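Enquirer: model this:
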Amino acid sequence: MQPHEAAITGRAIPRVGRQRGAAVVTALLIVMLATTVVAGLFLRESVTVRSVENRLALSQARWIERAALDWAKVILRADGRASNVDHLGEPWAVPVADTRLDETVTAGAKISDASRSAFLAGQMFDAQSRLNLAALVQAGQPSLAHLGAFRRLLELLGLPESLADSALERVARGQPRLIDGRTEAAADSPVLRLTDLMTVPGFDAAVIAALAPFAVVLPRATLVNVNTAPPEVIAAVVAGVDLAGARRFVARRERTFFRDLADAAAAFDGQPTLPTNLLSVGSGYFIVRGVVRFDRVESSSETLLERTADRIDIVWQQRY
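Expert: Residues are numbered from 1 along each chain as shown. Model prediction:
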């Protein structure tokens, strides 16, 4: 090989190598780009499928929730037809433990082969076992009996009694006013739930949590059911009965129930006269709490039911 040929060959070989290297890099870039695009498409498809599955599971959970409420309505309707007395020994008061539901309940719905079975748990509570703060104002006027009971309840719970006057003012602002024989619109939005008092000075999350087992806000003024009320509410409503005496009454009540207030008075120490403007032996409002788990969805809800002579209606429902 001549020197000039070697020189020519020496210059040609590196150029070919560079061209081949550039082709390899280009091919790798194309493969990487294609892989990224395909992976993105698969990811989007996976997210879409998961979103559809979650929506299906949520829809099914809502269906189970409605079925559970229908069951609660049937129980309450049958109970109301049997007797005007409500107590903790009746079927509505029995809690439903964490129960696995078969496919007949879920109508054969199955999100995927890996889907978990549906579970239901819940309990019904007598809303009139609590002191109804809506009764603080009746016919546009303060109810001194209910105001006094609320003050005693606050004292028993270690809360400031001044909260009773603040709550009274807020409830009054949320009700229509009678001025010079004319009905005027309410000055504020109505108080529908206990949490609506959070806007009132002195009421915070801790106060609401302390009151929740013993106080409630219902659509109209109601009486406290002596058959279901806890000792704190009994002691607040029945003047002259302390918390210890109320607890003894509740302990005796566990063995029986009372068909009228005279029957209930006999179970108290000293047999006090029970106020008919504060107490009763029956209820018209019930709270249903439930948890439904289906596949990846868990739905908790609280529903207020109103039972009248011929129907049962949902007053409100809150999911969390």
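Enquirer: Please make it C-alpha for all contacts and neighbour counts, starting now.
Expert: OK.
Enquirer: Excluding covalently adjacent residues, which one is nearest to F125?
Expert: For F125, ignoring the flanking residues on the chain, the nearest one in space by CA to CA, 6 or more residues apart in numbering is I287 at 5.1 Å.
Enquirer: what does the model give the one you found for pLDDT?
Expert: Per-residue pLDDT puts I287 at 98.
Enquirer: Need the residues that contact the helix or strand containing it.
Expert: Here I287 sits within strand 285-294, counting by DSSP states H and E. With CA atoms under 8 Å, 6 or more residues apart in numbering as the test, strand 285-294 has contacts from 57-58, 60-61, 64-65, 69, 72, 116-128, 218, 298-307.
Enquirer: Next secondary structure after that strand?
Expert: Following strand 285-294 in sequence order, the next helix or strand is strand 297-307 (DSSP H and E).
Enquirer: ok, and for that next one, which residues are buried?
Expert: For strand 297-307, burial by neighbour count (16 or more other CA atoms under 10 Å) applies to V297, E298, S299, S300, E302, T303, L304, L305, E306, R307.
Enquirer: How about stretch 201-208?
Expert: Taking 16+ other CA under 10 Å as the criterion, stretch 201-208 shows F203, V207, I208 as buried.
Enquirer: Next: stretch 187-199.
Expert: In stretch 187-199, counting by 16+ other CA under 10 Å, buried: P190, V191, L192, L194, T195, D196, L197.
Enquirer: distance between the ends of stretch 271-279?
Expert: Using CA to CA, to the nearest Å, the end-to-end distance of stretch 271-279 comes to 15 Å.
Enquirer: that older thread, looking at the buried residues of strand 297-307, which is nearest D79?
Expert: R307 (10.3 Å; CA to CA).
Enquirer: surely that closest one meets L76?
Expert: Yes - R307 lies in contact with L76 (CA atoms under 8 Å); the separation is 7.4 Å.
Enquirer: Can you report how many residues neighbour A134?
Expert: As a burial measure, A134 scores 27 neighbours (other CA atoms under 10 Å).
Enquirer: So it belongs to a helix, correct?
Expert: Yes - counting by DSSP: H, G, I helix; E, B strand; the rest coil, A134 falls inside a helix.
Enquirer: quick check: domain ranges of this structure?
Expert: Structural domains assigned to the chain are 60-129+284-319, 131-212, 223-278, following automatic domain parsing.
Enquirer: Average pLDDT for the last one, rounded please.
Expert: Across domain 223-278, pLDDT averages out at 96.
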